[in-house]
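J.: Any chance you can model this:
(one chain, ligands or ions: 1)
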Amino acid sequence: MEGIQRELDNFSNFVSQSPRKTAAVVLSITACTYLLISSLTNNNHKKKGLKKIPSPKGAIPYFGHLFSIGKIPVLQFNKWHDELGPIISIKMGVQQWISVGEPHLAYQIFNGKNGKYTSSRPHTTFLSKYYASGSKGIVIGNPSTQWNKTRGAALQILGPKNREKFERLHIPEADALIDDLLAETAKNGSVNIAYPLHFMSMNVILSTCFGKRAESIDDPLFKEVYHIMDDTSKIMATEINSFLPIMTVLDILFRKEQKMRKFIDERRDPCFQRLLEEAIDNGVDCFATSLLEMEDVNEPSNVLVALCDTLLAGTDTSAVMLTWSLIILCHYPLIQKKIAAELDQFIRTHGRLPTFEDRESLPYSISVQKECMRFRPSTAFGISHEAEQDLEVNGYFIPKGATLIANMHVIHHNEDFYPDADKFVPDRYLDDLRPMYSSANSPAEGRDHFNFGFGRRVCIGTYLAELEIFNVWVRLFSRCVVEPVIGENGEPEYPDINTIAYAAAILPPSNPVVRMVKRENALI
Ligand code: HEM
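T.: As a prediction, this is how the structure comes out:
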């Protein structure tokens, strides 16, 4: 989203410097055409006798609300929800975005009979044409036979039947992470947990996908994959021509599409191709080789995109989620004590640390984990869906082509669904200890939280994420305490749990610096 602001600045520069008149003429023609089309289509809801979705004031012709959304749009969207209610319509240039901030309404839109028409992804040049080369893989592809089979295969491979295999990979990563956090604190007096968590999470996904791990952040494997993922996100963020088609002029001028193709052909594909071949040559039993064994899925370019999807969707999400959890708990030493006591009780009884299978013996830990995810969701809007046809939902008119987003903060702070929603309530989920992956596929009332999205597109990595989070949690709180940094004046400086670092699909906290300290009475 910061990319949008940057591109808007570029656009203003272009209009004011170069062929000023040409730009002005193109802009006027585009604006007139747009006004004509929107005046013809804007009243569709009236014809159908439905309510118009409330929209904030201040939309400018053609640009819509783009100049009002600010540097961190999710914050402005949240304010608009406060003013206008659980469903709002935002004009992102020529696109209509419908932001949903209430769980039942989100279900009516994304699940059930409407879900059939709201499970596509919006088209963008980079993601649809280059990244997914049409409709390959899982995240960007639209429902089709191959997509269904690929998604089904991924769910099967990444599901509970492979728990032991995944735990064998996750546990050493969790232990290495904790050693690292302790060592960094001992060396520097504090640690920014975002980087080690990102590194651990990337290793979890690399080992799941290819049976490979990076030794350190200086490992060329880590650097290469990190930069490919980072550049993918950057290119995605600057695709403003889908909001303002006039920007295509700039894209042509700056040969943006050629750069996109070059990035995929010369960097992304060779890297993933190589990792795939190494996994095959070494006979590794991993997600990549399992996908290649699946009929109708195993076309190499489809597998390659699915692997890239997994890295893109599965690394930052889990890392950021854990980052928020640890900084939240830094504020609550007594809750940490209760978590540690529960873990110690298990260790005393069983003479070992719990595995995911033992999760029901840890009701308090599970409840706190879920509450952390509810309190500070790690994505702003999940991943956008698109309405494939005009829809009527709860008396509202949703036009074909609208981009549909779930506002995670507003949904998770809905007072009717979550009483005392603005408070951190560690016991909130004591009556709902079901694994998150089974809750994610329940009706709205039965869901613990909505971080994993909705309907046919619900996250396929829910089980893997939950396993990763669980194993880090168990190991960390049985060995350590998360404490605030001690400032120069000797006072504790608690990490800020109210500020987002920057605007992107994922919302990391601004400065997650804490001290990771060994528990004096630890049993392991
Ligand atoms: C706490 C961690 C995670 C969170 C919060 C999260 C969240 C999400 C969300 C919100 C969506 C979009 C759902 C929708 O469109 O309605 C999604 C999709 C997806 N996630 Fe996750 N995710 C997490 C971890 C993972 C992991 C570990 C993986 C990889 C194994 C993964 C792979 C995917 C894929 C491939 C999709 C696309 C599904 C589709 O388009 O059909 N995610 N995730």
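J.: Quick check: bridge partners of E493?
T.: V485 (DSSP bridges).
J.: And it, how far from D180?
T.: As defined by CB to CB, to the nearest Å, E493 lies at a distance of 22 Å from D180. Placement of C-beta: from N, CA and C, glycine included.
J.: didn't I60 look like it was pressed against F67?
T.: Yes - counting by CB atoms under 8 Å, I60 does reach F67; the two are 6.5 Å apart.
J.: Contacts only, for the residue in the stretch 201-350 of the chain that the ligand sits nearest to.
T.: Nearest residue of the stretch 201-350 of the chain to the ligand, counting by CB to the nearest ligand atom: G314, 2.8 Å away. G314 is in contact with S201, V204, I205, G461, L464, A465, counting by CB atoms under 8 Å, 6 or more residues apart in numbering.
J.: Next: F356.
T.: The contact partners of F356, by CB under 8 Å, 6+ apart, come to R163, E167, E466, L467, F470, N471.
J.: residues near the first one, how many?
T.: Using other CB atoms under 10 Å, the number of residues around R163 comes to 16.
J.: Find the nearest non-adjacent residue to it, please.
T.: Leaving aside its sequence neighbours, R163 sits nearest to F356 (CB to CB, 6 or more residues apart in numbering; 6.1 Å).
J.: Check the third one too.
T.: The shortest distance from E466 to any residue other than its chain neighbours is 4.9 Å, reached at M436 (CB to CB, 6+ apart).
J.: D309: which element?
T.: Assigned by DSSP states H and E, D309 falls within helix 300-314.
J.: so what does the next helix or strand after that helix touch, helix or strand wise?
T.: Remark: after helix 300-314, the chain's next helix or strand is helix 316-330, criterion DSSP H and E. The helices and strands touching helix 316-330, judged by 3 or more CB pairs under 8 Å, 6 or more residues apart in numbering; DSSP states H and E, are helix 194-210, helix 333-350, helix 363-375, helix 462-479, strand 480-483, strand 513-518.
J.: Just the buried positions in stretch 443-454, please.
T.: Buried residues in stretch 443-454, counted by 16 or more other CB atoms under 10 Å: A444, R447, D448, H449, F450, N451, F452, G453, F454.
J.: Please list the residues outside that stretch that contact it.
T.: The contact list for stretch 443-454 (CB under 8 Å, 6+ apart) reads 103-104, 106-107, 109-111, 115, 321, 370, 373-374, 377-379, 382-383, 385, 406, 408, 411-412, 429, 432, 434, 436, 439-440, 458-459, 462, 465.
J.: For the lengthiest helix in the chain, could you pull out the residues that count as buried?
T.: Identified as the longest helix of the chain according to DSSP state H is helix 163-188. Neighbour counts using 16+ other CB under 10 Å place 163, 166-167, 169-171, 173-178, 180-182, 184-185 of helix 163-188 among the buried residues.
J.: Measure how buried the residue nearest to L158 when sequence neighbours are not counted is and give me the count.
T.: Distances taken as CB to CB, 6+ apart put L464 closest to L158, at 5.0 Å, once the chain neighbours are dropped. As a burial measure, L464 scores 26 neighbours (other CB under 10 Å).
J.: how much space between L464 and E342?
T.: L464 sits at a distance of 24 Å from E342 (criterion: CB to CB).
J.: Which residues of the stretch 251-400 of the chain lie near the ligand?
T.: Within reach of the ligand by CB under 6 Å from any ligand atom, the stretch 251-400 of the chain has these residues: D309, T310, A313, G314, T317, S318, M321, S378, T379, G382, I383, H385.
J.: Verify the stated contact: the fifth one with A504.
T.: Same thing as T317. No - look at T317 against A504 with CB under 8 Å: they stay out of range, at 11.4 Å.
J.: Filtering the buried residues of stretch 443-454 by proximity to the ligand, which remain?
T.: Answer for the buried residues of stretch 443-454 near the ligand (CB under 6 Å from any ligand atom): N451, F452, G453, F454.
J.: Look up how far M200 lies from N471.
T.: Separation of N471 from M200 (CB to CB) stands at 10 Å.
J.: got any residues that touch both of those two?
T.: Counting by CB under 8 Å, 6+ apart, the residues touching both N471 and M200 are A174.
J.: Let me know whether stretch 92-99 sits next to the ligand.
T.: No - under the criterion of CB under 6 Å from any ligand atom, the ligand is not reached by stretch 92-99; the shortest gap measures 13.6 Å.
J.: Show me the contact partners of that stretch.
T.: 34, 53, 62-66, 69, 77, 80-81, 87-91, 122, 240, 242-245, 381, 384, 387, 398-399, 401-407, 410.
J.: now the end-to-end length of stretch 446-461.
T.: Chord length of stretch 446-461, first to last residue, is 20 Å (CA to CA, to the nearest Å).
J.: ok, F126 - contacts?
T.: I235, M236, E239, M260.
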